[in-house]
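Colleague: Starting from these lines, generate the structure:
(4 chains)
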Amino acid sequence: MSSPAKGPRRVARYVVSLLGERCEVEVGRDGRVAVEGREHEASLAAAGPPHGHSLLVDGSSFALLARRGHGGEWRLEVDGRTIPARVLDARRARVRELSAAAGGRAEVASLRAPMPGLVVGVAVDEGEVVEAGDTVLIVEAMKMENELRAPGAARVTRVLAAPGEAVEKGQVLVEFGEPETP
Amino acid sequence: MSSPAKGPRRVARYVVSLLGERCEVEVGRDGRVAVEGREHEASLAAAGPPHGHSLLVDGSSFALLARRGHGGEWRLEVDGRTIPARVLDARRARVRELSAAAGGRAEVASLRAPMPGLVVGVAVDEGEVVEAGDTVLIVEAMKMENELRAPGAARVTRVLAAPGEAVEKGQVLVEFGEPETP
Amino acid sequence: MLESVLVANRGEIALRVIRAARELGIRTVAVFSEPDRGAPHVLHADEAYPIGPAPAAESYLNIAGLLEVARRANARAVHPGYGFLAERADFAEAVTDAGLVFVGPSAATIRAMGDKTEARRRMEAAGVPVVPGTTTPLASADEARRAAGATGFPVVLKASAGGGGKGMRVVRRAKDIPGALAGAVREAEAAFGDGSVYVERYLERPRHIEVQLFGDTHGNVVHLHERECSIQRRHQKLVEEAPSALLDPAERRRMGEAAVRAARAVDYVGAGTVEFLHRDGEFFFLEMNTRLQVEHPVTEMVTSVDLVEWQFRVASGEALPLRRRGIPLEGHAIECRITSESPFEGFLPATGVVSELEVPGGPGVRWDGGIAAGTEVGLHYDPLLGKLITHGADRGVAVRRMRRALGELRIGGVSTGTPLLARIMEEPDFLAGRLSTAYLEEHPELFAADVPAAGREALVVAAALLEHGRRGNGTASRIRRTGRPLSPWAHGVGTAVPPGPGERR
Amino acid sequence: MLESVLVANRGEIALRVIRAARELGIRTVAVFSEPDRGAPHVLHADEAYPIGPAPAAESYLNIAGLLEVARRANARAVHPGYGFLAERADFAEAVTDAGLVFVGPSAATIRAMGDKTEARRRMEAAGVPVVPGTTTPLASADEARRAAGATGFPVVLKASAGGGGKGMRVVRRAKDIPGALAGAVREAEAAFGDGSVYVERYLERPRHIEVQLFGDTHGNVVHLHERECSIQRRHQKLVEEAPSALLDPAERRRMGEAAVRAARAVDYVGAGTVEFLHRDGEFFFLEMNTRLQVEHPVTEMVTSVDLVEWQFRVASGEALPLRRRGIPLEGHAIECRITSESPFEGFLPATGVVSELEVPGGPGVRWDGGIAAGTEVGLHYDPLLGKLITHGADRGVAVRRMRRALGELRIGGVSTGTPLLARIMEEPDFLAGRLSTAYLEEHPELFAADVPAAGREALVVAAALLEHGRRGNGTASRIRRTGRPLSPWAHGVGTAVPPGPGERR
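Modeller: Residues are numbered from 1 along each chain as shown, chains lettered A, B, ... in the order given. As a prediction, this is how the structure comes out:
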């Protein structure tokens, strides 16, 4: 096998994307883990209920729940927060990055109904540019009106729901594009 | 199919052995369950943690954990107690009973070490008859001496452990036979 | 004492009522909708009966169906919990007409206080201070605009039949009246089947302080001190405490006396709460809730009174066990509501199956929950999963204990508001007791979805090790799970499964 | 206040200490043996370090290893919990020699009280009543027989270094002395590394009543009232309560004063307990435990004092927060020890993996546990899984609450003593407070393995429906478990996994 290891010890190399950043990580056989060259002594063990894990990093103890998704995706539940992460081996990550640089296309972003409910208001028109926090739609569920807000700047490219319409969970309600490319 | 059902409705028939008794049970399709002819309205649903179930019998509510063993064996954990049960379909139960009546042989009963430990005392000799509650062996574990007692009357047929001997969990320590048949 | 009770509710409050009944030896009858078949309140009751499909209107709100179960199970009383039918006078009436005991005040009392405009009239007459506004429902947007002009902006539109923030809108400009009125009417209609809405002066940044009341059938009325519930979002309480960090003994006494006057004005029997808005040393009657409150445990922690036990005693005709001077007020208690909502995504309701539940323990911690591992959290009912309550010698101890307890609470599979609550427990204004109902709006930094306390580096290490282990490197290999208890008796003597007659092994 | 503490223990007591430290802002350093890598005390500490393989002698009892971790983690203090090294004077000495604070009394105090014969001498000198017996270890069976003859049978042989019932034998006839002595010496040797045994008059059917003490470094000593721990098996406590159902105020005062005299006689600092045997209005010093007791929560519930917080305050040099007259005694508290033992199989230790854990909640209930779902219960350590504590206005309320709470507790996969405890809570002598250390022997009916309360018929129905469902009839089909939280943002705007640089989707 053509090992990508440079040093004398065998290590596995990964690229971890998490909370908006990308890190290169080396995992050694002896519990040593290097994140962008920063060395840590680390250990992970199953602990507690089904998805429970105990993580020790340089002695510091963290309890987390970990659920596996597809293709190196993980959801970490820690301190009551859910943090999505993607882990690719270093070689596969490099292939992805090269093909993206050669002309990868942005997918269409969409707002989906987070629950079955009734659309009681649509606050945007097609073509409109929204900012983070702007109300996009109001869906009634559990007898409460829930405002679905834009978490970032975007241009509304399609509105697929109308007031009075009953929507299913997961149904696409609004599609977005880049704000500067209508 | 040659259905064993006698009545107009399709029912499933079982023989349940539990807490030393044997009952014939009919389970209908409509939530009706008859135990030795006594009719009940019953429903069982998964509830709570992995093995958790909710049982409703004529309105009365019971919470139980249920673990499946081999060949119709179940362990019910209820009120903090573990109750073993065996459920056979009625036809299979009848075949077993017939073959047993035709000359089934009692298996050898044995006392096994419930934990790894050190035998510090043997209170019985081969050939001796023990009563329920009699001390048979003392095994030290967790720095405490644990007396293993006989839960019923029996004759000691073989003693397989000696004081000072380290024993593994599950190791046979003493074998028993019927008290009246040495 | 009552022999039996049907608990006409679900979730944590049904469990709370069942627990009190159990301790009093009262037989408990639960009811459940289809998705609640395996819910904790079903498992913990003595008996349980189905009452219909998921929509509350066809199950927990179905009065005829509930009374049919009561008849079938031979229940002698009905406890409504809170929410659902708890403040429906027609339900109280139907229960007593069926010859059963309703654990709560009379239908007449519920009716008087349930109509918020009528309640305002009665309180004015009893000399309880009331916020300026209308005492009749609004007929039109024009009338709303005129009434609002008279009291002065900002105003708040409220459902006459309301409660819990449903059908409520704050309006700051006359031109926003029509839209807000339409929204409030729509929500009120959906929530209460009654679209009546009235208008009140909106107090800016008030504190929400409420007094726990109890009356018996012998004419005694006492109060059990106050709770502060200023931390709300969309008029839903999130954090409650007892006592208020604000009141001095004189104010506490005046507010308690006003609450007792309010209760006497409607011949109050059972547990009830008078809610006040407090601002600059003044307080105004907001509404009276003729039922147990969600936040009743903080009162229980500082008074050592079991309020649900008292409800059953009063419903059995007993006199109140303690009179006012005998009711202690010791230490400080905090309650955090744990809801299935994503605080960093605009409080979107979250659904899923509770895959893990680990409940905090140790001194001064109480968990009143309505879920278990395996519970499916859907959208049919209230998002309240449970309540975490801490008690300590003073507010500082109670808060530090809550911080510790929130850190121990683990609910897997469903997003909850826990991380927001943990931040509130460290926020300087909260720690100093500088509260108002605008608290959350004034602290947007609490909602910033930044890096968890564990830190990015540790999470990166975790993710890498998880994937590394999954690829067969065994770092995170699961602990072997057997789950079969150990018996020394392999078979025969003390056999695990005793043979049936004619069956030998 | 201390900056950090190493908790030299495991299980529920390690968690208890970590909780108190957390609330005080003290950084917590846990240690773990190999099988405890994923134990709750590891998960809840700020830091955790391995200290060796499963056998306690190579991990939790390894003084050098513990001090090495303390050095590495820069911990400033050591809390020993109970058991393991808690009453080892050489450990206290090693800790202070390393420049760290030992959270407990001085090595000299531990040494004086740890030698049970020396302790008896000191107590006699301080005017504390002592049970007749020897004050030196026995050299031979002959000497034991002579000493026993002098005090009169029955006698009890006890390990000088003992505690917790280990190395203890009751002897009723002279001819049984040699066998009993050999067993006691063997057990004492194994448990404490010291086979010294002495003899004491054995009081028939005494009550075990103990007084909680606290001393500070400023010369203050207070007692926090008594606990009754009469319900024991093999000298291991099973059920404890505070206050005792027996003592009247005068007796309570006399016993408290004797305990304070005992503490002053050894310059006591920190938390400690003086155990007395009580019979026919007389009480005798049994031993002093120079550490926190397993059953300390019942005292916490009736006094509202956090004893571990006090330990940390005293270790930090603070004076006791309350003096004697200020220590309340309110209501009644009961503790049940939940152990991995099969009460209906002669208390055989049970092992397995905790497959389910559901903890009771609601008012007046406290759970101090050391397990979680997934915890493997082995044979290396103490079988104590956790402690269930209830509090109520009086003994009756506390007992009914305990009965209710035991019914809610579910520990799957491992046999526990829970069903026996539930029976005790309904047994007439217990309810009437007619207790003695012979209670369990005198109530063999509690150990009858009869039909659970659910009744045979219901169990038969359950078994039939389980098998019927397994055969594809779907009665017990599992609830669908998804466990993925829901987000409206499929990707792109507010994307779940933000792309890394150079990576687009």
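Colleague: need the residues of the stretch 51-200 of chain C near chain A, please.
Modeller: Residues of the stretch 51-200 of chain C lying close to chain A (CB under 8 Å from any CB of the partner chain) are C:166, C:183, C:186, C:187, C:190, C:191. In this view, the C-beta of every residue, glycine as well, is placed from N, C-alpha and C.
Colleague: Out of the residues you listed, list just those in helices.
Modeller: Among those, the residues falling in helices (DSSP state H) are C:183, C:186, C:187, C:190, C:191.
Colleague: who wins for most neighbours among those?
Modeller: residue C:187 (24 neighbours; other CB atoms under 10 Å in any protein chain shown).
Colleague: ok, residue 126 - contacts?
Modeller: I'll assume chain A. The contact partners of residue A:126, by CB atoms under 8 Å, 6 or more residues apart in numbering or on different chains, come to A:156, A:157, A:158, A:159.
Colleague: To clarify, I was referring to chain C.
Modeller: By CB under 8 Å, 6+ apart, the contact set of residue C:126 is C:261, C:262, C:264, C:265.
Colleague: which among the contacts of residue A:126 end up buried?
Modeller: For those, a burial check counting by 16 or more other CB atoms under 10 Å in any protein chain shown picks out A:156, A:157, A:159.
Colleague: and stretch C:403-422, how far apart are its ends?
Modeller: 6 Å (CA to CA, to the nearest Å).
Colleague: and what of stretch C:259-279?
Modeller: End-to-end distance (CA to CA), stretch C:259-279: 17 Å.
Colleague: Of all the residues in it, which ones are buried?
Modeller: By neighbour count on 16+ other CB under 10 Å, the buried set for stretch C:259-279 is C:259-260, C:262-263, C:265-266, C:268-278.
Colleague: Which of the residues you listed fall in helices?
Modeller: The helices, defined by DSSP H, take in C:259, C:260, C:262, C:263, C:265 from the buried residues of stretch C:259-279.
Colleague: tell me the SS of the nearest residue to the first one once chain neighbours are set aside?
Modeller: Just to be clear, that refers to residue C:259. With CB to CB, 6 or more residues apart in numbering or on different chains as the criterion, residue C:259 has its nearest non-adjacent residue at 3.6 Å, and that residue is residue C:211. At residue C:211 the chain is in strand, as set by DSSP: H, G, I helix; E, B strand; the rest coil.
Colleague: hmm, who's touching stretch C:230-239?
Modeller: For stretch C:230-239, contacts defined as CB under 8 Å, 6+ apart pick out A:144, C:164-165, C:168, C:206-209, C:229, C:240, C:294-295, C:334-337, C:347, C:417, C:421, C:424, C:430, C:435-437, C:439-440.
Colleague: repeat that for 6 Å
Modeller: For stretch C:230-239, the external contacting residues (CB atoms under 6 Å, 6 or more residues apart in numbering or on different chains) are C:165, C:168, C:207, C:208, C:229, C:336, C:337, C:435, C:436, C:437, C:439, C:440.
Colleague: Check the spacing between residue C:439 and residue C:237 real quick.
Modeller: 11 Å (CB to CB, to the nearest Å).
Colleague: which strand in chain C runs the most residues?
Modeller: Longest strand in chain C, counting residues (DSSP state E): strand C:221-233.
Colleague: Closest to the centroid, which residue in chain A?
Modeller: Nearest to the mean C-alpha position of chain A, by CA atoms, centre = their mean, lies residue A:84 at 4.5 Å.
Colleague: for chain C, that is, sorry about that
Modeller: Taking CA atoms, centre = their mean as the criterion, residue C:294 is the residue nearest the geometric centre of chain C, at 2.3 Å.
Colleague: How many residues are close by the closest residue to it other than its chain neighbours?
Modeller: Once flanking residues are discounted, residue C:294 sits nearest to residue C:82: 6.1 Å by CB to CB, 6+ apart. Using other CB under 10 Å, residue C:82 has 19 other residues around it.
Colleague: Can you check the pLDDT for residue C:82?
Modeller: Listed pLDDT for residue C:82 reads 97.
Colleague: and what of residue A:104?
Modeller: With respect to pLDDT, residue A:104 scores 41.
Colleague: quick one, what contacts residue C:244?
Modeller: The contact partners of residue C:244, by CB under 6 Å, 6+ apart, come to C:209, C:226, C:228.
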